[in-house]
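K.L.:
following is a predicted model, sequence given first.
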Amino acid sequence: MRPHPAISSRGSLSLFAAAVLGAACQDPSHPPAKLAFIVQPTSIAANAPFFPHLTVAVQDADGNTVTDATHAITIAIGTNAGGGVLAGSTTRSAVSGVATFTDLRINEVGTGYTLTASSPNLTGATSTPFAVVVGPANKLAFLVEPGPATVGVAMAPAVKVAVQDVAGHTVTNETHIITMGISLNAGGATLTGTASVATVNGVATFSNLSIDKIGTGYTLIATSPNLAAAISTSFAVGPGPASRLGFTVQPSPAVTGVVITPAVAVAVQDAGGSIITTATHSITVAIGTNAGSGTLSGTTTVAAVNGVATFSNLSIDNAGTGYTLTATAANLAGGTSAAFSIRNPLVLTTITAGYFHSCGLAVGGAAWCWGSNGGGQLGAAVGTQSPTPVPVSGGLGFAALSAGRTHTCGLTPGGIAYCWGDNSLGAGATLSSPVPVAVAGGLTFARVVAGYGHTCGVTTGGAGYCWGFNGSGELGTGTVSQSSVPVAVAGALVFANIIPGRTFTCGRTPADAAYCWGFNGGGELGDGTTTSRSSPVPVSGGLSFAVVGAGGFHSCGLTTTGAAHCWGDNSFGQLGSGPQGASSTPRPVSGGLTFAMLSVGNRHTCGVTAAGVAYCWGDNSTGMLGTGTTTSSSSPAAVAGGLIFATISAGRFHTCGVTTAGAAYCWGEGGALGNATNQPSLVPTRVF
């Protein structure tokens, strides 16, 4: 006999029971009465969702699920064994009498937690006890933050970093290597000490970390493989106690009796060399090693401001090599400066003003330069600007010098040309050099002159050569191809001299005829046109010139009788012929003066009479006319000061000259004046 289907198997029995229960729960005599946990909470990791998901049923008094119940059921912590917080969707509506909670989690560990379930008008339920445990390692966190620290001193208390789970609990049963570094480096410092430490009970202790520079706003970063990094709160690193003095601006080479610049500065420092910015000590400087039996003049005792005493007017009266200064203050260890030299003022035979620098030739042929040095045009290390003359490296003796835009050239007594700086060196593959390099080709020159972007020279046989940029035909080769070595000027002309301007060139023959070539947009070639030429064309007018010069946008010549004529652009009055426009042919300079020499600058011109009186005209925006004002002049204006000049040189925004006594002076834009400052001067100021 076959068994009844309702009891033939466990599955069939369940179906039968469900049907009976369903019928019972739909019976009005069995209303909803209570709640019950159908799936109890099991032990979970902190902040991890319960799994399997909790389910709570609405039941009648006999414990049967009321399948048509839709009550809102709320879960809460009953026994709060760890002081945790229940997160997630804590209220759910029953579906077919059962509410399922899929995202509940508790954030604090503990053993013996319980949950409660409640719903209005129903008897609540309490779960079985369960535990919340520490989860897997997830991230790093600073337990002890770096506090205000002292430079070079181990941070105290020691910085501590923990390995934590996602809820922020320390994972004590794993060992990790944690590495510390600087995240926000407020002072450009280096972190020293043991920067990689293994955790003990989940915590790494960094007992000897220190930072070597003061600063505000440092942060540290802790990292470990497969864990989220941690960044500390910001902190400051301050100096230690004041203990010593240190020269923060060393004394530079200077001239006897001239203020040492930049100003010497001495700081109050801690043992590690950090400046104590709150210090106000009175600091005294004196000569240490007295290499020239000199006397130190100026204000020798100065109170520190923000920890630094600045000595703005120190000078020494005797020349010597190897001077030092000492610094002393009460209760602090003293300091000694680096060695420096004091020299006598230069006696120059000639001077040449470039675009941003100047150079001079001393008695004996030594070359000195000063001003901007972005391309190495001073003959010293690139970028080392100097407000006073520095010797050109290499030890060569020169008979002549010429300063261009970012390069300088010199000619030895034997006719060998050397150039240094950036571009237009004529040395082939060597495009820039802070030391003199020989011009290629083995030519023997009588004259070499540096221009804006090109250089030209005349050999002892009168042949003209140029090299460098040639975009406007300024090399005079008949083409616009540039050359890094000397190339012959076209036309087989014999020259006495060639002067390169900005993007054009002019030359004079031994027969006193003037020729120009290159750019001619403003009439600077003087041939009666504004047509640019890539080979020499004669300057119109039939004048006999003893001197010819090319500037930025105009040209000038001095006739054999000493009369000055100029041509080209006249926007600033640089032609010296009054407020007229440009001229493509030579026009007499007004005033009727007779000059012994003439020099053409960027937008101004200068000349010296036979009596040694200097006159300038044209642009005066930076005081390069030397008249004591910044008012431009379209006719010759006397240079102030009453000096008697032997030679003069007009540059870009400054002018220089040498007196008959061998004293050098410059005026105009600051930086290239050689007056031991970077300040401009509207009148001649002494070159030291």
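P.N.:
Perfect, thanks for sending it.
K.L.:
mind checking how far the closest residue to Ser635 other than its chain neighbours is from Ser577?
P.N.:
The shortest distance from Ser635 to any non-neighbouring residue, by C-beta to C-beta, 6 or more residues apart in numbering, is to Ser590 (4.6 Å). All C-beta spots, glycine's among them, are computed from the backbone N, C-alpha and C. Separation of Ser590 from Ser577 (C-beta to C-beta, to the nearest Å): 5 Å.
K.L.:
list residues touching both of these two?
P.N.:
634-635 (C-beta atoms under 8 Å, 6 or more residues apart in numbering).
K.L.:
could I have stretch 64-82 exported to CSV, CA atoms only?
P.N.:
Output of stretch 64-82 as CSV, limited to C-alpha atoms (Å, rounded to 0.1, in the frame of the first residue of the first chain):
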residue,chain,number,x,y,z
ASN,A,64,3.0,30.6,12.9
THR,A,65,4.1,33.2,10.3
VAL,A,66,1.3,35.5,9.3
THR,A,67,2.0,35.5,5.6
ASP,A,68,-0.2,38.4,4.8
ALA,A,69,1.4,40.7,7.4
THR,A,70,3.2,43.9,6.1
HIS,A,71,4.2,45.4,9.4
ALA,A,72,7.1,47.8,9.7
ILE,A,73,9.8,46.1,11.8
THR,A,74,12.7,48.0,13.5
ILE,A,75,15.9,46.4,14.6
ALA,A,76,18.0,47.9,17.4
ILE,A,77,20.9,46.9,19.6
GLY,A,78,19.8,45.2,22.7
THR,A,79,22.8,44.3,24.8
ASN,A,80,25.5,46.7,23.6
ALA,A,81,28.6,44.7,24.6
GLY,A,82,31.0,47.1,22.8
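K.L.:
mind checking how far it is from the chain centre?
P.N.:
Offset of stretch 64-82 from its chain centre (C-alpha atoms, centre = their mean, to the nearest Å): 67 Å.
K.L.:
how about that stretch, which residues are buried there?
P.N.:
64-67, 69, 71, 73-75, 77-78, 80-82 (16 or more other C-beta atoms under 10 Å).
K.L.:
what of stretch 611-625?
P.N.:
612-620, 622-625.
K.L.:
give me the phi and psi for Asn313.
P.N.:
phi -140, psi 30 (degrees, to the nearest 10).
K.L.:
burial count for it?
P.N.:
Close neighbours of Asn313, defined as other C-beta atoms under 10 Å, add up to 13.
K.L.:
hmm, back to that, among the buried residues of stretch 611-625, which lie within strands?
P.N.:
Under the assignment DSSP state E, those contribute 614-618 to strands.
K.L.:
for these, name the two members farthest from one another.
P.N.:
In terms of C-beta to C-beta, those reach their longest pairwise distance at Ala614 and Gly618, which sit 13.9 Å apart.
K.L.:
hang on, the earlier thing: out of the ones in strands among the buried residues of stretch 611-625, the closest to Pro32 would be?
P.N.:
If you rank those by distance to Pro32 using C-beta to C-beta, Gly618 comes first, at 106.5 Å.
K.L.:
in stretch 321-331, what counts as buried?
P.N.:
Going by neighbour count (16+ other C-beta under 10 Å), the buried part of stretch 321-331 is 323-329.
K.L.:
so which of the residues you listed comes closest to Pro389?
P.N.:
Nearest to Pro389, judged by C-beta to C-beta, of the buried residues of stretch 321-331 is Tyr323 at 18.3 Å.
K.L.:
in the sheet, who's paired with that closest one?
P.N.:
Counting by DSSP bridges, Tyr323 forms beta bridges with Phe340.
K.L.:
Asn290 is in contact with that one, correct?
P.N.:
Yes - using C-beta atoms under 8 Å, Tyr323 is in contact with Asn290, at 6.9 Å.
K.L.:
show the end-to-end separation of stretch 143-163, please.
P.N.:
End-to-end distance of stretch 143-163 (C-alpha to C-alpha, to the nearest Å): 10 Å.
K.L.:
cool, and stretch 618-629?
P.N.:
Using C-alpha to C-alpha, the two ends of stretch 618-629 sit 13 Å apart.
K.L.:
what sits up against it?
P.N.:
Stretch 618-629 has contacts (C-beta under 8 Å, 6+ apart) with 572-576, 601-606, 614, 616-617, 630-634, 637-641, 650-651, 653-655, 667-669, 680-684.
K.L.:
what distance do you get for the nearest residue to Gly521 once chain neighbours are set aside to Gly82?
P.N.:
Among residues not flanking Gly521 along the chain, Thr530 sits closest, at 5.8 Å (C-beta to C-beta, 6+ apart). According to C-beta to C-beta, Thr530 and Gly82 sit 93 Å apart.
K.L.:
before we move on, what about Ala329?
P.N.:
From Ala329 to Gly82 the distance is 61 Å (C-beta to C-beta).
K.L.:
do the same with Gly464
P.N.:
Separation of Gly464 from Gly82 (C-beta to C-beta): 96 Å.
K.L.:
and if you look at Asn331?
P.N.:
Asn331 is 58 Å from Gly82, by C-beta to C-beta.
K.L.:
and Gly568, by the same measure?
P.N.:
92 Å.
K.L.:
now Ser297
P.N.:
79 Å.
K.L.:
for Ser315, same thing?
P.N.:
Counting by C-beta to C-beta, the gap from Ser315 to Gly82 is 77 Å.
K.L.:
before we move on, what about Leu227?
P.N.:
From Leu227 to Gly82 the distance is 24 Å (C-beta to C-beta).
K.L.:
where does this protein have low pLDDT?
P.N.:
Scanning the chain for pLDDT under 70 picks out 1-29.
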